[in-house]
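Colleague: Sequence isn't available, so here's the structure alone:
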């Protein structure tokens, strides 16, 4: 099946927005065994949209169009879709009611220009958007089935997964099964992981399992994709490869499939009936911002004290002996004090000292992590992360969270990651 | 002049790499007054490349092709360019010598497969690449001048700026200029802004200024784009429209062009020589995570106390009379206490009470914001935000930041936003 994507919008065409929606669509379809043949980007321009729709309709079996479903005058997708298909726009009353209820639920009255979003080409099939007012729709233009999707990423993501992928699988005819296994790791770079997993694909019949990576610093996703006719046979074939990935990536794996680092941590806190208190400096509250929003984290993260200045930190933690530096020894002191202050079972402090001067790629920071437990023990991890100011911050947040995971899972806290500067020169990676 | 871009490569088409090269090309051309009309992405595939070249050659005056100039078998740009132009590939001896010297300077011998990079379509004009072995070239295909560029970003950037932009300006003859003005607002939905700004475009000569929006909840970007011959004339034409936007969107405008809400706040803190202490609950540290990472925020945000439990908050703030609820009165108490505790000039507390039960679109939260100042005054804002758990959190973060901005800028804190549930029913939007 030949699939094309058309991205619309002046924002994307002018380069103002990097087109990550396209990369998401392509990767998501790849997860289900589809590969794209062609992508076109055009602006909010009637003539270009019409030509793009016509050309794709002559070449492809399925076309996914992204953007242009909003309520404003520059949103043209429905209008041009109708024109390309040679039909009129008609009011979809079901969607109108659904939109009105969307506004009512939020205590608002629907502005008149939103009615435009319920005007669909005659014969279009509605693709539900449970989290927005832009109605997706499917429509035959020429020989191709077109799927129109909203430009708002979270609306697109959900519509693609829930509405479009199942229709593409059905349209594709052959009920082929795709098995996707994902591993999330922290601390291993993509090329290092590629080396560690070399030869893995050969553990399955030739060509049946594909290994792939997706790096989003500081995490790496390792993917195994298998295609076949029957799901149990695929599972049996994949099992030894999955075990091999677990063995080779070891403690660096933070979770599998839909697990997240913060979710794993909160699950472990619940399992241990533990509570946590945090102390953050340079990470600015980003660690609590990752953990506390999880609904099951309620009552698990008791408190976070954020400050960059030693005196402020010391006073906030009620220390009789103020912190003398933002190093490991002081991180321990802060973690112990924070735990006692709130009465939690665990206390964690992440103290960071960053380089002076302007931001640049060599810019680095020394990260000291300390975790104090209810038995009076205190564990620590020290590392230097480089790569610029934001890189250091992202790295420190992840290192703090990963240290907590390792502590809760009883794993060694100090395995060296690929993102740290070596502490001595006789150690090679 | 009609300009198109063709991006090539399986990496980009499969979504493995987000296509930031395209966004760079488009923005850079925009800086010189050019706007793109069309973009096509195809993989490393002979048939697709040939079709993409032919289609673009029929539509455009100039086409920039990115990628496919490397030494390996999947680099096909020269070969397909020659085929599309109906000429043969010939060895460019000048480039071969230049490549050999490239390797010699690095103490290496040129591998044999690099010779492929000196094979150019007959009649092609070389575009110098002083930092790599991929030779850029210009070639007429059909009615369009094609410019072939390397996929390596730094090589592309340099070639675009030094070699291609001057040729496009020459090819174009006339110097056209584009002026882009952006306004960032918080509290107005896209369709509401569209209504408020209706008729705006008619304040300029017909078709010369285009109004556009980009919504990224809870913020909205409003854009005015103008095209013309001369920058001062464009500025003069735009000025009354800009003032009209400022007048119509009023206090909801948080910044213009490259300004951000957090940047504006930190600038105002510096201007007032003020320091800030925060108290967060449901927002989990996301407010400090927005403010503190700005380099100029150093020493401005002294402390943040994050806790969701009243008893934990009261103890952390050293309150003799514990908080009785997470409402406006208690937010004031918390803001005043936090300010005194750290010795800052301002204290802000954002207390949130969310609905019980599972997350759903009607899920809402009551947000109480209080700001205490050094004169013993305390200002507050109360609102109910709906739309699901994450929506409430994002809304509360932005409402906290916006309240701070309004306080620092001396604006009323309580103007009703489109994201709030009405407090009484006789009020309509």
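Modeller: Arrived safely. Every value quoted in this text rests on a predicted model; they were computed, and no experiment measured them.
Colleague: quick one: low-confidence ranges for chain A?
Modeller: A:174-176, A:422-429 (pLDDT under 70).
Colleague: what does the domain assignment say about it?
Modeller: Per the record, chain A has its domains at A:3-171, A:177-256, A:261-408, by automatic domain parsing.
Colleague: Same list (the ones you listed) but as TSV, adding mean neighbour count and distance to residue B:127.
Modeller: For every residue, glycine as well, the C-beta is placed using N, CA and C. Below are these laid out as TSV (neighbours: other CB atoms under 10 Å in any protein chain shown; distance: least, CB to CB, whole Å):
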stretch	mean neighbour count	distance to residue B:127
domain A:3-171	20	21
domain A:177-256	16	31
domain A:261-408	21	28
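Colleague: Quick check: the residue located most distally from the centre of chain A vs chain B, distance?
Modeller: No residue in chain A sits farther from the centre than residue A:320, which is 42.5 Å out by CA atoms, centre = their mean. Separation of residue A:320 from chain B (CB to the nearest CB, to the nearest Å): 16 Å.
Colleague: Any chance of the backbone angles for that residue?
Modeller: Note on residue A:320: its backbone torsions stand at phi -70, psi -40 [degrees, to the nearest 10].
Colleague: Point me to the residue of the stretch 51-200 of chain A nearest chain B.
Modeller: residue A:107 (3.2 Å; CB to the nearest CB).
Colleague: which residues does that residue contact?
Modeller: Residue A:107 sits next to B:384, B:386, B:420, B:421, B:422 when contact means CB atoms under 8 Å, 6 or more residues apart in numbering or on different chains.
Colleague: Of those, which ones also sit close to chain A?
Modeller: Among the contacts of residue A:107, the residues that sit close to chain A (CB under 8 Å from any CB of the partner chain) are B:384, B:386, B:420, B:421, B:422.
Colleague: So which residues on the stretch 101-250 of chain A come close to chain B?
Modeller: A:102, A:105-109, A:111-114, A:130-131, A:152, A:212, A:214.
Colleague: To clarify, my last question referred to the stretch 301-429 of chain A.
Modeller: Remark: the part of the stretch 301-429 of chain A in contact with chain B comprises A:302-309, A:312, A:315-316, A:341-342, A:359, A:389-390, A:393, using CB under 8 Å from any CB.
Colleague: Leaving out sequence neighbours, find the closest residue to whichever residue of the stretch 201-350 of chain A sits closest to chain B.
Modeller: Residue nearest to chain B within the stretch 201-350 of chain A: residue A:285 (2.8 Å; CB to the nearest CB). Among residues not flanking residue A:285 along the chain, residue B:285 sits closest, at 2.8 Å (CB to CB, 6 or more residues apart in numbering or on different chains).
Colleague: from memory the residue of the stretch 201-350 of chain A closest to chain B sits against residue B:291, does it?
Modeller: No: proximity of residue A:285 to residue B:291 does not meet the contact threshold set by CB atoms under 8 Å, at 9.2 Å.
Colleague: Helices of the stretch 201-350 of chain A, start to end?
Modeller: Here the stretch 201-350 of chain A has its helices, by DSSP state H, counting those that start in this stretch, at A:231-249, A:261-271, A:286-291, A:310-316, A:328-342.
Colleague: Export these as CSV, with columns for distance to residue A:64.
Modeller: Below are these laid out as CSV (distance: least, CB to CB, whole Å):
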stretch, distance to residue A:64
helix A:231-249, 26
helix A:261-271, 30
helix A:286-291, 32
helix A:310-316, 51
helix A:328-342, 49
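Colleague: Name the residues linked to the residue nearest to the spatial centre of chain A by a beta bridge.
Modeller: In chain A, the residue lying closest to the centroid (CA atoms, centre = their mean) is residue A:216, at 8.3 Å. Under DSSP bridges, the beta-bridge partners of residue A:216 are residue A:219.
Colleague: This completes my enquiry, with thanks.
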